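Trainee: When you get a sec, could you give me coordinates for this:
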Amino acid sequence: MYNFQQYRHIQAPGWTLGWTWAKKEVIWSMMGSQTTEQGDCSKFKGNIPHCCKKDPTVVDLLPGTPYNQQIANCCKGGVLNSWVQDPANAASSFQVSVGNAGTTNKTVRVPRNFTLKAPGPGYTCGPAKIGKPTKFVTADKRRITQAMMTWNVTCTYSQFLAQKTPTCCVSLSSFYNDTIVGCPTCACGCQNNMTEPGSCVSETSPYLASAVSGPGKSSNTPLLQCTSHMCPVRVHWHVKLNYKEYWRVKVTITNFNYRMNYSQWNLVAQHPNFDNLTQLFSFNYKPLTPYAGLNDTAMLWGVKFYNDFLSEAGPLGNVQSELLFRKDAATFTFEKGWAFPRRIYFNGDNCVMPPPDAYPWLPNTGVRPVKSLRQPVMTILASIIFLWAYM
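Mentor: Below you'll find the predicted structure:
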């Protein structure tokens, strides 16, 4: 199983893979993984299969599994890193011994209805397609063996299928304007203690500790800090300093979920000045260039053993860094919100941005025009009074 997604990883409790057998196949044994249920194996006497279900569900084994049950790239608890961050750990493998399947490539049938949960919904898998048989090279590299059959299944992700509401939002500020533009109200949901009591808790609440360790802790039910936006994660972009040839930005990621840590987190930001990113402090960086000649998207993630772990909500629930950009005289400006990102993703999910007309503006651009009905109404009243006076 390969995770070819550049900036989306599969985090704990890990992936779950399922399919439906085409005939009456059973799984005699497995290496590197296991099925969640054995099923009804009562018709077998003596040797009992590992799983007799028509639609088995497979999960990865945990780290620390005995070596005689492991194979290469297994036993990570179902966690797969993104392809850009850690390609060496972006794959997972397991081995299945199947019975009642046939002995030739004419009698073996391809399974159907593949499903992938990582760990929840969001992935849709296409049908298995038969490809060229996989070849295996022995350890001494002197012999190559070949599989009887190989089929490939491609699964695609949709954020709309994964969750009904967004999971992150963006706030903005700058050195040239005192206005702090917060996340849009109800960006990820609204506080509603009538229909969803206990869905959030104030950081100053005396019951905070008991709420965090409450009944939902074991099921990983989110417990958010009560905010106006109700997003689990907020990304703050602050235009910090302006130099003669450079300008500096501070990025802060804050976790508002008391029951969720983010290991191997990543951030993707889109801004036209990423083609002149000069220096980055305490984050890793890689440009993402899906189109030739266009370098406006960057992927950022934490430094291993330093800030690659975003703790749950609280005093330690944030990570931050600063970015130094070199100015391009042809494009650089602080006007009309140019210094702020066009789009931001956290762990592959699109974050809710504030509306463009709310961005901090330069003081010398004047007061933003505010449409009001008061002036035309007063003009009309004055005209009526003027005409009445001369009637």
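Trainee: Could you list the low-pLDDT ranges of the protein?
Mentor: Residue ranges of the chain with pLDDT under 70: 193-198, 214-220, 364-391.
Trainee: tell me the contacts of the residue most central in space within it?
Mentor: In the chain, the centroid-proximal residue (C-alpha atoms, centre = their mean) is Asn347; its distance is 2.6 Å. Listed by C-beta atoms under 8 Å, 6 or more residues apart in numbering, the contact partners of Asn347 are Tyr7, Arg8, His9, Gln11, Thr167, Tyr262, Trp265, Asn266. Just so you know, the C-beta spots here come from the backbone N, C-alpha and C atoms, and that holds for glycine as well.
Trainee: which ones among the residues you listed are found in strands?
Mentor: If you go by DSSP state E, those have Tyr262, Asn266 in strands.
Trainee: In PyMOL, how would I select just the buried ones from the contacts of Asn347?
Mentor: The following PyMOL line selects those of the contacts of Asn347 that are buried, judged by 16 or more other C-beta atoms under 10 Å:
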select buried, resi 7+8+9+11+167+262+265+266
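Trainee: Looking at the contacts of Asn347, spot the one nearest Pro119.
Mentor: Among these, Gln11 lies closest to Pro119 (C-beta to C-beta), at 7.6 Å.
Trainee: Identify the residue nearest that closest one in space, chain neighbours excluded?
Mentor: Distance criterion C-beta to C-beta, 6 or more residues apart in numbering; nearest residue to Gln11, sequence neighbours excluded, is Val79 at 6.1 Å.
Trainee: these two touch, right, the one you found and Val59?
Mentor: No. With contacts counted by C-beta atoms under 8 Å, Val79 stays clear of Val59, the gap being 11.7 Å.
Trainee: Need the overlap of contacts for the two.
Mentor: Shared contacts of Val79 and Val59 (C-beta under 8 Å, 6+ apart): Gly14.
Trainee: ok, back up a step: distance of the residue nearest to Gln11 relative to Pro63?
Mentor: According to C-beta to C-beta, to the nearest Å, Val79 stands 9 Å off from Pro63.
Trainee: In terms of packing, which of those two has more residues around it?
Mentor: Higher neighbour count among Val79 and Pro63: Val79, with 21 against 10, using other C-beta atoms under 10 Å.
Trainee: give the contact list for the more buried one.
Mentor: Going by C-beta under 8 Å, 6+ apart, Val79 touches His9, Ile10, Gln11, Ala12, Gly14, Asp60, Asn89.
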